[in-house]
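Student: Need coordinates for the following:
(one chain, ligands or ions: 2)
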Amino acid sequence: MQNEQFIWETHGVHTGTGNDPIKHGIDDIEAIVEKAISLKHPGITFIIHTPRLTKFRYRSEENTNVKFIRGSEAYQNYEQKIADLRAKYGAKINIRYGIELEWLGNKLGLQWNRSKVLQVPDADFVIGSVHFSNEGIPYDGSKEEANELLKIRGTLENYWAAYFEELIEMVSYSAKMIHVVGHLDLPKLNVEFPESFSDLDNEDNIVCDRLRVLLEIISENNLALDLNLAGLKKGCGIFPNLQILKRAKRLKIPIAIGTDTHKADEYGKYFVESIEFAKKAGYFQYVSFARGIPQIRSFNHEIDDDEKYNALNLSIEILNRRFSICDSGRIPRFSFGGKYSSFTAQYDGATNLGTLSAIRIRREKKSIMIGSELPKTAQENKISNDFSILSKHYDEPGVLSILFNTLASECINVKTAFLNSAGKDGIAEAFLTISGDEKSIQNAIEFTKGTGKNRFISIEYGKNLVAPAAKKSKYYLLEMDGVKLPVPISKQMILAVIKNKPGVLLILLSALASRKINIIDLQLGERSNRGLVALSVEGDFTVIDDLLRKLGEQYYEISHFELAGL
Ligand SMILES: [Zn+2]
Ligand SMILES: [Zn+2]
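Tutor: Ligands and ions are numbered 1, 2, ... in the order given. A predicted model of the protein is given here:
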């Protein structure tokens, strides 16, 4: 069980500006990693501000008279710096990093921001924040700057309403670029809330109106909210305040927690306060991000069960890898069964799957089901009613491809396929259900036996063959898009949706065989004109990724990923 005082932060430790003339954040990030290790923290999270257009400057920066964009050099070296840290400390602590994207308006600022996101392609997350008003005056600068803006806007109501309007604009333009919305009520650092803002749920005024719209837009875009502790040390309280957070909870907005640390001695403070505060608003869990994929973490150590949360996060990781990068940072919907059933009550709209210990997770038209056990039907050897082939062969790259090649050459379609990789004896089993005329099947098998004679031990075919049971694994992928595909989950997998025609799967198998990529497990399922394929593979990730790009238009979807959570 992890340290109770620990939170997997998102808005974590701000890295410094390095050689740039105005200092911000922490330059000696190694010292802080060492501190985290000495505190036995399992992870640490860094964040850096994206550089700004020169128009958006703090008074303190203007006063230096230096024409520069703060943190530009530090920003460009950021990923390398983190890579160095991971190389040095990665065995001792899990190092995450993200960026805080400065909203700079929807014109040049928006293009600028797109380029800033692309400069840090491997970041674990992006937080979108408004620090600067459209007028170019900061909300979190000096009191004088805030008062200047207040004068321009006339009233506190206008001040806040315009700020929330800027956030609404940021979310509408940037939702695909960001995962989290930063410190939602930041201006309270320098100005009061207007008196009219005391009952968010019932009052009729422009501030409440804009804030309600903002929260709904955050919810609709499935973004998370930054529960930011920096306000505690600055005396204005946690961002956002409790009534905003309560409303966020009702809108099912997940929270990401962060200390927003800018000084080394502040590291790790207020973790306990953040949990108490979140619980007051009704939250019992929070999210953090790894390679753009949200992970759910529980506050409650009594009901917390690490294994169950691992399974939950694994399911999120697999399903979200089937979406494009800018679409993978969201939490989908769930159903739970067996030992995961206790989660059902915790997720709005979650339903029960019965006794099978499995998690079904879905979003749009895609879904997967994973579990820690196979359904009874897949647990034991069973007699198949379909026309089938059972092959026993040496587990070497390309052997399976020979079998599929000869079947395709005789116009035989493989309807379902199941591969058990080799045990200690080095012998793998493949069980295929097929359709085609019997003479052609016989020809194909004779041919396979001929060309691959040193590699095939036996090939049986016919009806009523005994299909082998799947091998034991910690987790199985049980279904994809509702089609049964029981296959052990392993580190590197390929999921594909393909045209259900003879030879289409062969393209993939031949491509992998050409680079001697071994297939550890394979399952093929079908639904009318679509074939669903799940593969576990071993080999160089980039080489495989390159092959997969060339498969052609009969591959409707091809997702290839390495699972961080395994
Ligand atoms: Zn900062
Ligand atoms: Zn910020």
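
Student: where does the stretch 351-500 of the chain have low pLDDT?
Tutor: 377-381 (pLDDT under 70).

Student: Let me fix that, I meant to ask about the stretch 1-150 of the chain.
Tutor: 1-4, 67-70.

Student: Quick check: chain neighbours aside, which residue is closest to residue 551?
Tutor: Spatial nearest neighbour of residue 551, chain neighbours left out: residue 507 (5.7 Å); criterion: Cβ to Cβ, 6 or more residues apart in numbering. For every residue, glycine as well, the C-beta is placed using N, CA and C.

Student: where does the residue most central in space within the chain land on pLDDT?
Tutor: Central residue of the chain (Cα atoms, centre = their mean): residue 293, 1.1 Å from the mean position. As predicted, residue 293 sits at a pLDDT of 94.

Student: Test my guess that it contacts residue 327.
Tutor: No. Using Cβ atoms under 8 Å, residue 293 is not in contact with residue 327, being 11.2 Å away.

Student: show me what contacts residue 141?
Tutor: 58, 59, 60, 190 (Cβ atoms under 8 Å, 6 or more residues apart in numbering).

Student: which residues of the stretch 301-450 of the chain fall in helices?
Tutor: Ranges of helices in the stretch 301-450 of the chain, per DSSP state H, counting those that start in this stretch, are 306-321, 376-379, 399-409, 438-451.

Student: Mind checking those for the one nearest to residue 391?
Tutor: The minimum distance between residue 391 and these falls on helix 399-409, with 5.9 Å, by Cβ to Cβ.

Student: Now tell me what touches the closest one from outside.
Tutor: Against helix 399-409 from outside (Cβ under 8 Å, 6+ apart): 389, 391, 393, 414, 419, 428, 430, 432, 434, 436, 441, 444-445, 447-448, 451-452, 455-456, 459, 502-503, 505-506, 509-510, 512-513, 519, 522.

Student: For residue 75, which three-state class applies?
Tutor: Per DSSP: H, G, I helix; E, B strand; the rest coil, the secondary structure class of residue 75 is helix.

Student: repeat for the one 5 residues further on
Tutor: Each residue gets one of three states, and residue 80 gets helix by three-state DSSP.

Student: Would you mind measuring from it to residue 97?
Tutor: Counting by Cβ to Cβ, to the nearest Å, the gap from residue 80 to residue 97 is 11 Å.

Student: Which one of those two is surrounded by more residues?
Tutor: Between residue 80 and residue 97, counted using other Cβ atoms under 10 Å, residue 97 has the larger neighbour count: 25 against 9.

Student: so what's residue 217 up against?
Tutor: Taking Cβ under 8 Å, 6+ apart, one finds 168, 171, 172 in contact with residue 217.

Student: can you map out the helices along the stretch 51-200 of the chain?
Tutor: Going by DSSP H, counting those that start in this stretch, the stretch 51-200 of the chain shows helices at 59-62, 72-76, 78-89, 108-118, 143-153, 156-174.

Student: Which residue ranges of the stretch 401-550 of the chain form strands?
Tutor: Ranges of strands in the stretch 401-550 of the chain, per DSSP state E, counting those that start in this stretch, are 413-420, 427-435, 456-462, 466-467, 476-480, 483-488, 492-499, 518-527, 530-538.

Student: Of all those strands, which one comes closest to residue 108?
Tutor: Of all those, strand 492-499 comes closest under Cβ to Cβ, at 39.7 Å.

Student: buried residues in the closest one?
Tutor: Neighbour-count burial for strand 492-499 flags 492, 493, 494, 495, 496, 497, 498 (criterion: 16 or more other Cβ atoms under 10 Å).

Student: same deal with stretch 246-264?
Tutor: Along stretch 246-264, these residues count as buried under the neighbour rule (16+ other Cβ under 10 Å): 246-249, 253-262.

Student: could I get these as a markdown table with secondary structure and pLDDT?
Tutor: Shown next, in a markdown table, are the buried residues of stretch 246-264 (DSSP: H, G, I helix; E, B strand; the rest coil; pLDDT from 0 to 100):
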| residue | secondary structure | pLDDT |
| --- | --- | --- |
| 246 | helix | 97 |
| 247 | helix | 97 |
| 248 | helix | 97 |
| 249 | helix | 96 |
| 253 | coil | 96 |
| 254 | coil | 96 |
| 255 | strand | 98 |
| 256 | strand | 98 |
| 257 | strand | 97 |
| 258 | strand | 96 |
| 259 | coil | 95 |
| 260 | coil | 96 |
| 261 | strand | 95 |
| 262 | coil | 94 |
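
Student: from the residues you listed, which is closest to residue 483?
Tutor: Out of those, the member with the shortest distance to residue 483 (by Cβ to Cβ) is residue 254, at 29.4 Å.

Student: Tell me who's in contact with that closest one.
Tutor: 224, 225, 286, 287, 294, 296, 331.

Student: Just flag the most distant two among those.
Tutor: 225 and 296 (14.7 Å).

Student: Please identify which of these two sits among more neighbours.
Tutor: The neighbour count for residue 225 versus residue 296, taken as other Cβ under 10 Å, is higher for residue 225 (27 against 18).

Student: after the host helix or strand of the more buried one, next one along is what?
Tutor: Assigning secondary structure by DSSP states H and E places residue 225 in strand 224-228. Using DSSP H and E, the helix or strand that follows strand 224-228 in sequence is helix 230-234.

Student: Identify the residues contacting that next one?
Tutor: Counting by Cβ under 8 Å, 6+ apart, 183, 188-189, 237-239, 259-262, 266, 269-270, 273 sit against helix 230-234.

Student: quick one: buried residues of that helix?
Tutor: 230, 231, 232.

Student: Dump the C-alpha coordinates for that helix into CSV.
Tutor: Extracted C-alpha coordinates of helix 230-234, given in CSV (Å, rounded to 0.1, in the frame of the first residue of the first chain):
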residue,chain,number,x,y,z
ALA,A,230,-1.0,26.8,-4.2
GLY,A,231,-3.7,29.0,-2.9
LEU,A,232,-3.2,27.6,0.6
LYS,A,233,0.3,29.0,1.0
LYS,A,234,-0.8,32.2,-0.6
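
Student: what distance separates that helix from the centre of its chain?
Tutor: In terms of Cα atoms, centre = their mean, to the nearest Å, the centre of helix 230-234 is found 29 Å from the chain centre.

Student: Kindly report the same for stretch 323-341.
Tutor: 10 Å.

Student: Buried ones in it, by neighbour count?
Tutor: Quick answer for stretch 323-341 (16+ other Cβ under 10 Å): 323, 328-332, 334-341.

Student: Could you single out the nearest of the residues you listed to residue 529?
Tutor: Once Cβ to Cβ is applied, the member of those that ends up nearest residue 529 is residue 323, at 22.7 Å.

Student: Let me see the contact set for residue 244.
Tutor: 184, 185, 200, 211, 215.

Student: Please list only the buried members of those.
Tutor: Using 16+ other Cβ under 10 Å, the buried ones in the contacts of residue 244 are 184, 185, 200, 211, 215.

Student: okay, who's weakest in those by pLDDT?
Tutor: residue 200 (91).

Student: Domain parsing of the protein, as residue ranges.
Tutor: 13-298, 306-372, 377-562 (automatic domain parsing).

Student: re earlier: for the residue nearest to residue 551, what are its contacts?
Tutor: Shown in contact with residue 507 (Cβ under 8 Å, 6+ apart): 551, 552, 554, 555.

Student: Buried only: go through the residues you listed for me.
Tutor: For the contacts of residue 507, buried by 16+ other Cβ under 10 Å: residue 555.

Student: would you list the contacts of residue 507 in TSV and tack on pLDDT and secondary structure?
Tutor: Listed next are these as TSV, based on pLDDT from 0 to 100; DSSP: H, G, I helix; E, B strand; the rest coil:
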residue	pLDDT	secondary structure
551	94	coil
552	92	coil
554	96	coil
555	96	strand
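
Student: Now the two most distant members of the contacts of residue 507.
Tutor: Spatial extent of the contacts of residue 507 (Cβ to Cβ) is set by the pair 551 and 554 at 7.5 Å.
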